[in-house]
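Novice: Quick one, what's the 3D model for this:
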Amino acid sequence: MAGGSRGGFPAWMTAAAARVDLSGGGGATSGSQPSHPGTSAAAAGDHDLGMAERCLSAASAAFISAIIVNPLDVAKTRLQAQAAGVPYYQPSQMAALGPDTILSEFRCSPSCTRGIILGSEPICPPDCFQYKGTLDVFLKVVRQEGFGRLWRGTNAGLALAIPTVGIYLPCYDLFRNKVEDFTRSNAPALTPYAPPLIAGSVARSLACIACSPIELTRTRMQAYKEFQPGVKPPGMWKTLLGVLSPHASSSQNVQNYRVLWTGVGAQLARDVPFSAICWSTLEPIRRKLLGLVGEDGDAASVVGANFAAGFVAGSVAAGVTCPLDVTKTRRQIEKDAEKAMKMTTRQTLVDIWRYPI
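Specialist: Residues are numbered from 1 along each chain as shown. Next comes the predicted model:
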C-alpha cells in the first residue's frame, strides 16, 4: 500500500483487506475523496486484478484448505450418513457367521476390550461400529480402516475445490465490485450489505451447478466404508461411473446424465443462503476490525482480522444451513437410482423431521 507499512505486501494479500474503507464508513461516493490515500490505491489494485490472478490465488487457497479440513468433512459425512441408515458393519454377515466367515471385518481394534473370541480371532459387537461423535469417528476410522482413510475423498475434494473456488471467488469479486459501484451511486446506505449478499449468492449458484457431479462423488466416497480387507476402495472416477452404471442400459443416455446432478437442489438451497449469510456478515465485521487495525497494522493483524471475521461469519452461516447440509448428504448417498430421481429437497427435509433415526 503506497505510503504505508503494508507497502511490501503482495497484491493478493492487500486485495482482500483493501475492499473496504478502513475508516469504517460505507464507502465514498464516486465524487468524494477517500479517507485514506492508501485505501484508495489498494482498492484500485483490487479492481485491477485480472481473472487469472484471482483464479490462481483462490484455487491455491482451496487446494490447501481441502487437504487440511478433509478429516472433518469425512467425520461430518459419516455421522450424517449413519443417521440416514447407512450401516458401518455387515448385519447380514454378522447374523450368518460360519466357519468360512472373514472375521477380521468385524474387528474394530486389536485393543478393543469388548471383543469376543469366535474361532481364532476376536470380533466386536455391532455397536462398536456406531459413531457417537466427531472424535469417535476419528478414532474408529483410524482403528478400523487406517489413518489414511481420514483423507478419503481428498482427490475428489481437490478436483472439486479448485474449479469451485476458481469460479466462486473471482465471480464474487467481479459481481461485488459491480454491485458496489451501483449502490454507491444509487443507494449508499446499502453498500456495506447488498454487494456481498448479491454477489455471494450469484457466484455460489454458478459454482454449485458447475461442480455438482464432483461433490456427489466426494460425498459417496466419504460416506461408505469398504468391508473387504485388502481391497482398495474405488477412486473418484470409478465412483462417478458407479453413479451412472444403473442408467447405462437405458436408451435415454443423454437425459440420464442428469443423475450426476442428484441433490443439486439441496446443495443450492444450502450453499446460496450460506454464501449470502457469510459474506453479508463477514464484510461488515472485517471492515470494523480493519478499521481498528488502522494503516499501521502489520501482516499478522490483517490476517487476524480476516480470520476472526471469517470464523464468526462462517459459524453463523453453517449453523443456519446445517439442516440443508444433512438433506444434501441424504439425497446424494441414495443408491437406489429410481428413488434418488424421485426425491425432492422439501420431502427429504420433511422425512428428516418426521422420522429421525
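Novice: Which pLDDT value goes with Y172?
Specialist: The model reports Y172 with a pLDDT of 85.
Novice: That one: which element?
Specialist: Secondary structure from DSSP states H and E places Y172 in helix 154-186.
Novice: Pull out the buried positions in that helix.
Specialist: Neighbour-count burial for helix 154-186, counted by 16 or more other C-beta atoms under 10 Å, picks out 154-177, 179-180, 183-184. Every C-beta, even on glycine, is put in place using the N, C-alpha and C of the backbone.
Novice: now that helix, how far from the centre of its chain.
Specialist: Centre-to-centre, helix 154-186 and its host chain are 15 Å apart (C-alpha atoms, centre = their mean, to the nearest Å).
Novice: relative orientation of the helix or strand that it is followed by and helix 154-186 in degrees?
Specialist: Scanning forward in sequence from helix 154-186 by DSSP H and E, the next helix or strand is helix 194-223. Inter-element angle recorded for helix 194-223 and helix 154-186: 170 degrees (by axes from the mean of the first three to the mean of the last three C-alpha atoms, to 10 degrees).
Novice: what does the helix or strand just after helix 194-223 rub up against?
Specialist: Using DSSP H and E, the next helix or strand after helix 194-223 towards the C-terminus is helix 236-244. The contact list for helix 236-244, computed with C-beta atoms under 8 Å, 6 or more residues apart in numbering, reads 153, 155-156, 159, 213-214, 216-218, 220-221, 234, 256-257, 259-260, 262.
Novice: any low-confidence regions in the stretch 251-357 of the chain?
Specialist: For the stretch 251-357 of the chain, the stretches with pLDDT under 70 are 251-256, 356-357.
Novice: so Y131, which of the three states?
Specialist: coil (DSSP: H, G, I helix; E, B strand; the rest coil).
Novice: what about the nearest residue to it once chain neighbours are set aside, distance to L292?
Specialist: For Y131, ignoring the flanking residues on the chain, the nearest one in space by C-beta to C-beta, 6 or more residues apart in numbering is V137 at 4.8 Å. From V137 over to L292 the distance is 39 Å, taken as C-beta to C-beta, to the nearest Å.
Novice: and if you look at N70?
Specialist: Relative to L292, and taking C-beta to C-beta, N70 is found at 34 Å.
Novice: okay, those two: which has more neighbours?
Specialist: Taking neighbours as other C-beta atoms under 10 Å, N70 and L292 compare with N70 leading, 21 against 11.
Novice: Report the buried residues of the strand or helix carrying the more buried one.
Specialist: Remark: N70 resides in helix 51-83, with elements defined by DSSP H and E. Neighbour-count burial for helix 51-83, counted by 16+ other C-beta under 10 Å, picks out 54-55, 57-59, 62, 66, 70-71, 73-82.
Novice: Next: stretch 348-357.
Specialist: Applying 16+ other C-beta under 10 Å to stretch 348-357 flags 348-349, 352 as buried.
Novice: nearest to A194, of these?
Specialist: Of all those, A194 sits closest to L349, with 28.6 Å by C-beta to C-beta.
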